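> turn this into a model:
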Amino acid sequence: MPAITLIDCVPPFVSREKHAEIVAQTPSSFADIPPVLQLKDDDVSVIFDPPFDGFSTEDGALGTLFVVESALVFMSATGRGVQIHYPAITLHAISRAESGSSIYCQLDEIPGESEVMLSENDTDDMRELSIIPQSIASLEPIFEALSRCAALHPDQATASDDEMDDAFIDGDSAGFEAFTGEGDQELSQAGRATLEHLESIITYPAEMNRDGL
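Down below sits the predicted model:
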């Protein structure tokens, strides 16, 4: 199954209330129940870097974001959309880039490919996704909905992947845990460049509240 697919209509889903109603009636097959919609946000724009073939800048300029338990969906006002499966989202966070606040995602379009097996050029070519809601107040709800859905689709991360995640996920609320290069810590040149890039643009929801953004 492709990590990212072009779509021309929103996949079926149900609200939490409807899902509870269906389950309470003991359906003949739970597999036939549409996935639950965790969040819907109108007036959202998205940017792929590098661009995704078949999805133009105009397509990403304005649309509706659907955080569904089965996939992350963006449907453009142009009638063209994209569907991203959660295992492909290797990182999602709130970004504080100079260009403006957004939800920043890194996308792995080769399922099961470990970061430690990527060359420096492969790392440079990693696709990034920025989700930019009209209201900054939407950032935390989107982040939290993505987190809930991602937890339903665990990847096959290796121990090395987990160690890399610790470098920028297990920090305190003030920011990332510093990577010093001491002891057993070691990163390739590409890994260091990636970490520096992430540290320059990502913030935590708690930090955003503290700063009053």
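> ranking helices and strands of the protein by mean pLDDT, which lands last?
Of all the helices and strands that make up the chain, helix 159-169 has the lowest average by mean pLDDT, DSSP states H and E, namely a mean of 43.
> all the helices of the chain, in order from the start?
16-24, 57-61, 120-124, 139-151, 159-169, 189-201, 205-211 (DSSP state H).
> mean pLDDT lowest for which of these?
For those, mean pLDDT drops lowest on helix 159-169, to a mean of 43.
> could you check how far residue 5 is from residue 82?
Per C-beta to C-beta, to the nearest Å, residue 5 is found 7 Å from residue 82. For the C-beta atoms, the positions are set from N, CA and C on the backbone; glycine is no exception.
> so for these two, which residue has more residues nearby?
residue 82 (23 against 14; other C-beta atoms under 10 Å).
> the more buried one: what's it in contact with?
Taking C-beta atoms under 8 Å, 6 or more residues apart in numbering, we find residue 82 in contact with 4-7, 46, 52, 55, 73-74.
> among those, name the ones in strands.
4-7, 46, 73-74 (DSSP state E).
> give me the buried subset of those residues.
Buried residues within the ones in strands among the contacts of residue 82, counting neighbours by 16 or more other C-beta atoms under 10 Å: 4, 46, 73-74.
> any idea which of those residues is closest to residue 149?
residue 73 (11.0 Å; C-beta to C-beta).
> quick one: low-confidence ranges for the chain?
27, 30, 111-125, 155-213 (pLDDT under 70).
> again, 80 this time
Scanning the chain for pLDDT under 80 picks out the ranges 1, 26-32, 97-99, 110-126, 155-213.
> ok, residue 76 to residue 104 distance?
20 Å.
> same deal with residue 53?
For residue 53, the distance to residue 104 - C-beta to C-beta - is 21 Å.
> settle it for me: which of those two has more neighbours?
residue 104 (21 against 9).
> identify the bridge partners of the more buried one.
residue 93, residue 130 (DSSP bridges).
> pull the contacting residues for it.
Contacts of residue 104 by C-beta under 8 Å, 6+ apart are 91-95, 97, 128-130, 201-202.
> for the residues you listed, which single residue is the most surrounded?
Result: residue 129 is most packed of these (other C-beta under 10 Å), 24 neighbours.
> what about it, distance to residue 61?
Distance from residue 129 to residue 61, by C-beta to C-beta: 15 Å.
> and for residue 16?
With C-beta to C-beta as the criterion, residue 16 and residue 61 are 30 Å apart.
> so for these two, which residue has more residues nearby?
residue 61 (14 against 10).
> excluding sequence neighbours, find me the nearest residue to the more buried one.
residue 45 (5.5 Å; C-beta to C-beta, 6 or more residues apart in numbering).
> do I have it right that residue 48 meets residue 126?
No. Assessed by C-beta atoms under 8 Å, residue 48 is found out of contact with residue 126, at 11.5 Å.
> that older thread, as a markdown table, the contacts of residue 104 with distance to residue 39 would be great.
Listed next are the contacts of residue 104 as a markdown table, based on distance: C-beta to C-beta, whole Å:
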| residue | distance to residue 39 |
| --- | --- |
| 91 | 19 |
| 92 | 13 |
| 93 | 17 |
| 94 | 15 |
| 95 | 18 |
| 97 | 22 |
| 128 | 21 |
| 129 | 16 |
| 130 | 17 |
| 201 | 22 |
| 202 | 20 |
